[in-house]
Structures are given as C-alpha cells and as structure tokens.
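>>> Just to be clear, the model below is a prediction. Sequence and coordinates:
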Amino acid sequence: MSKEIAKRYDFVLLFDVKDGNPNGDPDAGNLPRVDAETGHGLVTDVCLKRKIRNYVEITKEAQPSYSIFIKEKAILNNAISKAYEDLGIDIEKDTSEVDGGKKRKNKGKGQGLEVDEARKYMCDNYYDIRTFGAVLSTGPNAGQVRGPVQLTFGRSLDPIVSLEHTITRMAVTTEEDAVSQGGDNRTMGRKFTVPYGLYKSFGFVSAPFAKKTGFSEDDLLLLWEALTNMFEQDRSAARGLMGTRKLIVFEHSTELGDCPVQKLFDAVKVSRNKPENPPRDFSDYQVKIDHSEIPESVKVIEL
C-alpha cells in the first residue's frame, strides 16, 4: 500500500488555448470568463478540478479506491447512503438521545463514531474526496472533508480578446420550423473564441491534511499525471486547441514547508518575446525559473 505523503508541495500550472473557449460563463451567454477591470481571461478552479476528475475516471475505470464522487448525473446522497450500507450501519433506525434529562426518540442519520467511519469509507473509496475534499452532510451524515489539494483560478498572462462568430446550421429542428422559414432550413447560432491565451494557475498540497484523508504518494503521482494530460482527454470543438504547457512542482523537505509560497511562485518568470505583437502561440513566451530565489532545501521538478 502506498505511503501517505510527508512533504509539502506547491506547483505552477501553465496551460493555453487557441481559437477556443476555455471556460464559458453561463451568466454572460457563455462568453469566455474575463476580469472586467483588466481584460485578463479566467478559468475557474472548479473547471480544472472537473478535468482532473474526468481524467482519473477514464484512466482508472472505476478501480477500487479511485471512484469519483462529483460526476455527471451523480446522486450524492445515494453514494453516502451506500457507504453506511457497506459498513453495515442502519442509519434509519430509531436512536435514543438525552435532551434536558428526558429521553426522546430520533430518526438516526449517522452520528458520532458512525460519521467518522462513513467519512473514512468515502475518503478510501473516492479519489476526488481524499484529494479535494467534500461536504458529506447533505443528507445521510458523513461529515465534511477538507482536501489536501487546492487550486486557484487560472488567469491569462495577457489580456484576452473574446471573439464572436456567427455559425450556420443547414437544418431545422421540426417540420413547423421548416414551414415557418419558407423552406430555408438554415438556422443561425453564435460561437465565442479566444484567439490565444496562456493561463497560469497555482496549486498547493498539504501533508497534514493528506494524513487526515489518506491521500498517498500514488495519489500524488496520479495528480501530476492528470494535470499534465487532462486536456488530451477533453477535446471538443468549443474548446479549440488546449493543452498543458508546463507544470512546475516545488517539493519541500518538510511537511510544513521551507519557505512562503509567494517566494517560490515569484521565482517563475514568464515574459513575452515580442511585447509589441499580440501573442498567438506558446513560442511567443519564455518561461524561466530563478533558482537563486529558491532555498536549496526545496526541490524543483519540471513536468
């Protein structure tokens, strides 16, 4: 069995998009997310976690301990109830509690040691719970889990341009639509793209929280693999050409870390080769790491 991690890790993720919409905003007609004050593009942490979950689900194919809790069409309370069933705990039985010196009957939903058992079961069996954490008290109570792995929003290095394209479909949905359009079966739509954007996101892996959820060294290796390859299994016409360009991992020598994370992140310098021209490819940038700003006890891993 793989060991739990014993060191702190911080990482920088660089990924880009070309002629696609990396993360549409449903509150803005699915336009690419953008910082309204600066014009820089945004990709939410939830979007990145979704891609990691999808990669793990595809590559592990529901192997024991690698199930995914938050997935499409999942009914979360059913998964929590199943944990109690597999543990042989009847959470629907009547339980006696003392309230103000009087005994009262209460329909059990899981409590005390039962909750701890259920929470451990969920961490052991669901990769995304022991990685990112989860709220497991939405019905049958399995408590709450604070995950050891956290991500920030991705933010583009430069302001992005959001383009709107008119697209045509040479068909209609119903016969009524065909009649109303006089036989012209063309229907119009809109598509939004970013010509190019290089995004940077930051991540953190806490060893103390990993001990609480059982997040292991094997889980950590799977995380690096997912971050590197998650876009390869997430292709769509809407997202254009997306890919991870560089993953820079800082491995500390202790579980609490050797220095503030800002010092490490500031050592990663990303600059434009020709600032006068709009960027259109990753080759328009240079990525350098200033090792003089990084303590010798911190190991730098480039993936």
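Yep, it's here.

>>> Return the distance of stretch 50-66 from the chain's centre.
Centre-to-centre, stretch 50-66 and its host chain are 13 Å apart (CA atoms, centre = their mean, to the nearest Å).

>>> ditto for stretch 5-13
Distance of stretch 5-13 from its chain centroid, counting by CA atoms, centre = their mean, is 16 Å.

>>> ends of that stretch, how far apart?
21 Å (CA to CA, to the nearest Å).

>>> Could you list the residues in contact with that stretch?
With contact meaning CB atoms under 8 Å, 6 or more residues apart in numbering, stretch 5-13 is reached by 48, 148, 151, 154, 200-207, 210, 215-217, 220, 227, 244, 246-257, 261, 264-265, 268. Bear in mind the C-beta positions are built from the backbone N, C-alpha and C, glycine included.

>>> Could you list which of those residues belong to strands?
151, 154, 200-205, 244, 246-251, 268 (DSSP state E).

>>> Show me the two of those residues that sit farthest apart.
For the ones in strands among the contacts of stretch 5-13, the maximum inter-member distance is 22.2 Å, found between 154 and 251 (CB to CB).

>>> Narrow the contacts of stretch 5-13 to those that are buried.
Neighbour counting over these (16 or more other CB atoms under 10 Å) leaves 48, 148, 151, 154, 200-207, 210, 215-216, 220, 227, 244, 246-252, 257, 264, 268 as the buried ones.

>>> Could you pull up the contacting residues of residue 124?
65, 130, 214.

>>> So which residues make contact with stretch 113-123?
Residues contacting stretch 113-123 (CB under 8 Å, 6+ apart): 69, 79-80, 83-84, 86-87, 89, 91, 110, 129-130, 134, 136, 140-143, 145, 213-214.

>>> Report the mean per-residue pLDDT for stretch 286-302.
The pLDDT scores in stretch 286-302 average 97.

>>> Actually, stretch 266-274.
Per-region confidence: stretch 266-274 scores 97 on mean pLDDT.

>>> now swap in stretch 38-46 and tell me
98.

>>> buried residues in that stretch?
Neighbour-count burial for stretch 38-46, counted by 16+ other CB under 10 Å, picks out 40, 41, 42, 43, 44, 45.
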